[in-house]
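Peer 1: I would like the atomic coordinates for the input below:
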Amino acid sequence: MKHIKTDLRAEQIHLSYPYLFTFSEEATNIYEIRSSSPHHIATLSQNIEGYFREGSIIIDPSRDALIVVCNSVMVFNLHDGQLQKNLGLFGTLTDTPIRYDRGRVLVTLSDDEEQDGEEKEYFWILSCNPFDLELPGYSFLTQIQRASTEKNMLYSHVLPSREGGVVVAQHTSYTDQPMKLHYWSPEGQPYDESLPPAYTVDIPMTLEDGSSIEARDAVPIDETTFALCTVEMVLDCLDSPGSHQSVIRVVSLPALDTLWSSDPIVGEAKHIYHVPGEDIVLIIGVVSEREDPKGDSADYATWIAAFDTQSGERRQFTKLNHRKIGKRLVGCRLTATVTEKGDIVPSDEPDIVFLTSIGDVATFSLSKFLTEGLPSDDFAPLEKSSLSSGLQLKDIGRRTLDRRVCISQGSTAVVDDESLISIFTW
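Peer 2: Take a look at the predicted model:
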């Protein structure tokens, strides 16, 4: 493994190997990593500031495009940073992940409006195609009106289907009610609020005393199935072993039938991957192992679980308690790459990458994890592939992780506590 500490500064980064994007108050820059070093390609013709939601920075090499979703959908040339198109968005982006599928950007917007003395909130499931030759390039999938009495009800994209439809999750916090999963077919667009989804199913809450169930993430398996990860929570309580649990399901399109469902995993899922070469669904999450319900320490552990794609059988599991291994893990991801069409998929022969708060970076082969396992609460098997950089990453919290740590194919980029960028390659 090779470590290069650059003199580049940034507040936020995004890495889609070989492209590295840096965001600061002064400029937004595109670099290409060559021989472990960043080489400057271009500065964006319009600087972009602010926090970017999950999925809001999109690379599509087949269209020579960098797409950034903030208050608008902005399309820049990848080779020279020139702005090509800017589609304004009405309303406010919700906190749900932004999805991308072969030129389509799917966003969830909301807005408040008062009617007859009652405040109502509207949700728009919106598809933007910034590559359309004719403006505006919008397609409404649905518009949902929500009364003020439903203020804890939220909608989010789960998955764009390959034929042009969309799967949407609807959940209500502070209730033990099931999450609803909707499928809108592509026929008849643009839609309006009068057109119901083609299919709707309930996803049950299974956590005792649970008060919210939400779709954390989903990944396509093939043209007609996808893996869905839900997280069930007890709200308004300290993180503890019983406050979160995660369930993996494989669901078919268009009817949203559940083909298999895993036993609950104690803890909160953070990332989900489908790895076709190993025929598995991989989940990475965290759990609080707090023994004293009133104690100050949440005593977090990182866990990794692998399930057979066809049967749902759990093929491997491990858990690394940060206190027991003597290192706080600030990042754990599977290496990924961007296809020519802009899809983010696991890299060939992927590695699981671990990053600690004192700058240790370790890799562990996914195939080795599946065949040999990884002992729980033991960092020793990772020491052979670990590089101790001495970087200080103690200020990286769970909320800022995605801004400062990016893991891609054979490389990791990190913004340390001094705002300097380091690059690790192997």
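Peer 1: rest of the way, CA atoms for contacts and neighbours
Peer 2: OK.
Peer 1: domain-wise, how is the chain divided?
Peer 2: Listed domain ranges for the chain are 1-44+328-366+375-426, 89-203, 207-326 (source: automatic domain parsing).
Peer 1: out of those domains, which comes closest to Pro61?
Peer 2: When these are compared by CA to CA, domain 1-44+328-366+375-426 sits nearest Pro61, at 5.1 Å.
Peer 1: next, the contact list for Ser367, please.
Peer 2: Each residue near Ser367 by CA atoms under 8 Å, 6 or more residues apart in numbering is listed here: Glu278, Glu349, Pro350.
Peer 1: that one - that's part of a helix, no?
Peer 2: Yes: assessed by DSSP: H, G, I helix; E, B strand; the rest coil, Ser367 belongs to a helix.
Peer 1: and it, how far is that from Asp348?
Peer 2: Relative to Asp348, Ser367 is positioned 11 Å away (CA to CA, to the nearest Å).
Peer 1: one more: Thr108?
Peer 2: Distance, Thr108 to Asp348, using CA to CA: 32 Å.
Peer 1: how about the domains of the chain in CSV, adding mean pLDDT, mean neighbour count and distance to Val68?
Peer 2: Conversion of the domains of the chain to CSV gives the following (pLDDT from 0 to 100; neighbours: other CA atoms under 10 Å; distance: least, CA to CA, whole Å):
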stretch, mean pLDDT, mean neighbour count, distance to Val68
domain 1-44+328-366+375-426, 88, 18, 11
domain 89-203, 73, 17, 10
domain 207-326, 93, 19, 20
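Peer 1: wait, which of those is closest to Ser56?
Peer 2: Among these, the nearest to Ser56 by CA to CA is domain 89-203 (5.8 Å).
Peer 1: before we move on, back to that, how about the domains of the chain in a markdown table, adding distance to Val75?
Peer 2: Shown next, in a markdown table, are the domains of the chain (distance: least, CA to CA, whole Å):
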| stretch | distance to Val75 |
| --- | --- |
| domain 1-44+328-366+375-426 | 10 |
| domain 89-203 | 7 |
| domain 207-326 | 24 |
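Peer 1: and those: which comes nearest Arg53?
Peer 2: Shortest distance between Arg53 and the domains of the chain, using CA to CA, is found for domain 89-203: 6.5 Å.
Peer 1: and the most centrally placed residue in the chain, what does it touch?
Peer 2: The centre of the chain sits closest to Glu54, judged by CA atoms, centre = their mean, with a distance of 5.4 Å. For Glu54, the contact set (CA under 8 Å, 6+ apart) comprises Thr96, Pro97, Ile98.
Peer 1: show me where the stretch 251-400 of the chain has strands.
Peer 2: Secondary structure of the stretch 251-400 of the chain by DSSP state E, counting those that start in this stretch: the strands cover 258-261, 265-266, 268-275, 280-288, 300-308, 314-321, 329-334, 336-338, 344-346, 351-356, 360-365, 387-388.
Peer 1: list the helices and strands the first one packs on?
Peer 2: Here strand 258-261 is seen to pack against strand 244-252 when contacts are counted using 3 or more CA pairs under 8 Å, 6 or more residues apart in numbering; DSSP states H and E.
Peer 1: wasn't the residue nearest to the centre of the chain part of a helix?
Peer 2: No: counting by three-state DSSP, Glu54 falls outside a helix, being coil.
Peer 1: quick one: it from Phe23, how far?
Peer 2: Distance, Glu54 to Phe23, by CA to CA: 15 Å.
Peer 1: equivalent analysis for Val234, please.
Peer 2: Going from Val234 to Phe23 by CA to CA gives 36 Å.
Peer 1: contact partners of stretch 258-273?
Peer 2: 216-219, 229-231, 241-252, 281-288, 311-314, 333-334, 345-346.
Peer 1: next one: stretch 289-307
Peer 2: 238-241, 280-288, 313-323, 329, 332, 370.
Peer 1: hang on, Tyr19 packs against Ile30?
Peer 2: Yes: at 6.9 Å, Tyr19 counts as touching Ile30 under the criterion of CA atoms under 8 Å.
Peer 1: quick one on the thing from earlier: got the contacts of Ser367 as a markdown table, with distance to His3 columns?
Peer 2: Below are those laid out as a markdown table (distance: CA to CA, whole Å):
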| residue | distance to His3 |
| --- | --- |
| Glu278 | 30 |
| Glu349 | 21 |
| Pro350 | 20 |
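Peer 1: now, which of these sits nearest Leu387?
Peer 2: Pro350 (18.3 Å).
Peer 1: pretty sure the closest one sits against Thr337.
Peer 2: No: in this structure Pro350 lies outside contact range of Thr337 using CA under 8 Å: 9.7 Å.
Peer 1: what sits in contact with each of the two?
Peer 2: Contact criterion CA under 8 Å, 6+ apart; residues shared by Pro350 and Thr337: Gln409.
Peer 1: please name the nearest non-neighbouring residue to Pro97.
Peer 2: Excluding the flanking residues, the one nearest Pro97 by CA to CA, 6 or more residues apart in numbering is Glu54, at 4.9 Å.
Peer 1: now the one you found: phi and psi?
Peer 2: Note on Glu54: backbone dihedrals following degrees, to the nearest 10 are phi -60, psi 130.
Peer 1: what's the spacing between it and Phe131?
Peer 2: Distance, Glu54 to Phe131, by CA to CA: 21 Å.
Peer 1: ok, Ser357 next?
Peer 2: Shown here: Ser357 relative to Phe131, a distance of 41 Å by CA to CA.
Peer 1: likewise for Leu282?
Peer 2: Counting by CA to CA - Leu282 and Phe131 are separated by 33 Å.
Peer 1: residue ranges for the strands of the stretch 1-150 of the chain, please.
Peer 2: Using DSSP E, counting those that start in this stretch, the strands assigned to the stretch 1-150 of the chain run over residues 2-9, 12-16, 19-23, 28-34, 37-43, 57-60, 65-69, 72-77, 83-88, 92-93, 99-101, 104-115, 118-128, 138-147.
Peer 1: what packs against the second one?
Peer 2: Read that as strand 12-16. The contact analysis (3+ CA pairs under 8 Å, 6+ apart) places strand 12-16 against strand 19-23, helix 401-404, strand 405-408, strand 411-415.
Peer 1: partners of it, with directions?
Peer 2: Sheet pairing of strand 12-16 (DSSP bridges) gives strand 19-23 (antiparallel).
Peer 1: dump the helices and strands packed on strand 12-16 into a markdown table; add distance to Leu259 as well.
Peer 2: Listed next are the helices and strands packed on strand 12-16 as a markdown table, based on distance: least, CA to CA, whole Å:
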| stretch | distance to Leu259 |
| --- | --- |
| strand 19-23 | 38 |
| helix 401-404 | 32 |
| strand 405-408 | 31 |
| strand 411-415 | 35 |
